[in-house]
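**Q** With the input below, show me the fold.
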Amino acid sequence: MQEQHPLDQSNVHSPHQMGEVEAVPEEAARSVFEVNFWGAANVTKEAVRFFRDVNTPPGGRLLQVSSQGGIVGAPAIGFYSASKFALEGLSECLSTELDPAWNIKVSNRNSY
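**A** The predicted model follows:
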C-alpha cells in the first residue's frame, strides 16, 4: 500500500440532504456546508501554507473536487449546490490571490 501524505486529501464524499429548500432543516443544511465548504476551505488554507512554506522548492497543485451541482442547480439539492457554488467561488478567488512566485496552481474538477 502506498504511503499517503497528510495533505493528500479529497473532499469527494459529500453529505446529501435532499429536499426542497424550505423543507430542509437548518441543522442539516449547515452540516452540508460544514463538510462541502468549510472542510474544503480549511484543507485549502493548510495546503497553501504547506505548498508555500514547507515544500522545497515552493509550489504545488491544489485540486478542488466539486460537482456539476456547483455549476448548475437542480431541484431537491439546493443546499448541496449552494455549498459547491461556494467552493467554486472560493477557488476562483484564491487562484487570483496567490503570488505567482509561490508556484501554487488551483484546479477544479467537477464530477457528475
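**Q** ok, which stretches of the chain are strands?
**A** Using DSSP state E, the strands of the chain run over 60-67, 104-111.
**Q** Point out the most buried one among those strands.
**A** Mean neighbours per residue, mean count of other Cβ atoms under 10 Å, is largest over these for strand 60-67, with a mean of 19. To be clear about C-beta, it is placed using only N, CA and C from the backbone, and glycine gets the same treatment.
**Q** what's that one packed up against?
**A** Contacts defined by 3 or more Cβ pairs under 8 Å, 6 or more residues apart in numbering; DSSP states H and E place strand 60-67 against helix 40-53, helix 78-97, strand 104-111.
**Q** isn't Val48 right up against Asp99?
**A** No - between Val48 and Asp99 there is no contact under Cβ atoms under 8 Å: 10.5 Å.
**Q** The two: who's more crowded?
**A** Val48 (18 against 9; other Cβ atoms under 10 Å).
**Q** For that one, give me its contacts.
**A** Residues near Val48 by Cβ atoms under 8 Å, 6 or more residues apart in numbering: Leu62, Leu94, Leu98, Ile104.
**Q** swap the cut-off to 7 Å and go again
**A** Going by Cβ atoms under 7 Å, 6 or more residues apart in numbering, Val48 touches Ile104.
**Q** how far away is it from Leu63?
**A** For Val48, the distance to Leu63 equals 13 Å [Cβ to Cβ, to the nearest Å].
**Q** Where does pLDDT dip in this protein?
**A** Residue ranges of the chain with pLDDT under 70: 1-16, 112.
**Q** if we go to 90?
**A** 1-18, 65-70, 108-112 (pLDDT under 90).
**Q** Spatially central, which residue of it would that be?
**A** Ala40 (4.0 Å; Cα atoms, centre = their mean).
**Q** and Lys45, what does it touch?
**A** Lys45 makes contact with no residue, according to Cβ under 7 Å, 6+ apart.
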